[in-house]
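**Student:** Sequence first, then the predicted structure, then my questions.
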Amino acid sequence: QLGSFVKIAGYLEYETNRFADIHVGRTPKPLKQKDFSKKLKVSSRTIGSLFKQLLDKNAILRFDGSYFCNPTFATRSKAIYTDILMKMIEIDPSIRKSINKKDKRLMRFA
C-alpha cells in the first residue's frame, strides 16, 4: 500500500492536492481510478481495493467528483486553497491539528 501511495503522490496538483494529469501549458485533468490502473500498470480491481483502503484511512478524500490527498499524508506545495481545505476538514476534522495558529486565525476557526 505504501509503495503504491508514494507512486500516486507524484500526480498531486499544486495548491489543491488533487490527483491530476499535469502537463505544462495544459489544463490539469483530474485522475480517475481507471487512470491510476493504467499509470501503475495494475488491474482496476487492485486500484479499487487500494483506493477503498486509502479512503477508509482518510489518506485520500473524494469530493466534487475528484480524488484529493489528505495534506497530513502528502502534499506538493506549501499552501492549499482555503475552500478545498475546508471541504477536506469536513471529511477529516483531524486536519485542524496540523494547521498553525496564525493560519487558523486567518481561516476563522480555532
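**Tutor:** Received, thanks.
**Student:** Compute the distance between the residue most central in space within the chain and K101, please.
**Tutor:** Central residue check for the chain by CA atoms, centre = their mean: the C-alpha nearest the mean position is that of C69, 1.5 Å away. C69 sits 24 Å away from K101, going by CB to CB, to the nearest Å. C-beta here means a position set from N, CA and C on the backbone, and glycine is covered the same way.
**Student:** Please apply the same query to A20.
**Tutor:** Distance from A20 to K101, by CB to CB: 31 Å.
**Student:** do the same with Q33
**Tutor:** For Q33, the distance to K101 - CB to CB - is 38 Å.
**Student:** May I ask which helix or strand encompasses the residue lying closest to P28 once chain neighbours are set aside?
**Tutor:** Nearest residue to P28, sequence neighbours excluded (CB to CB, 6 or more residues apart in numbering): A20, at 3.9 Å. Assessed by DSSP states H and E, A20 sits inside strand 20-21.
**Student:** could you point out which element follows that strand?
**Tutor:** The helix or strand immediately downstream of strand 20-21 is strand 29-30, counting by DSSP H and E.
**Student:** chain center to that following strand, what's the gap?
**Tutor:** Centre-to-centre, strand 29-30 and its host chain are 12 Å apart (CA atoms, centre = their mean, to the nearest Å).
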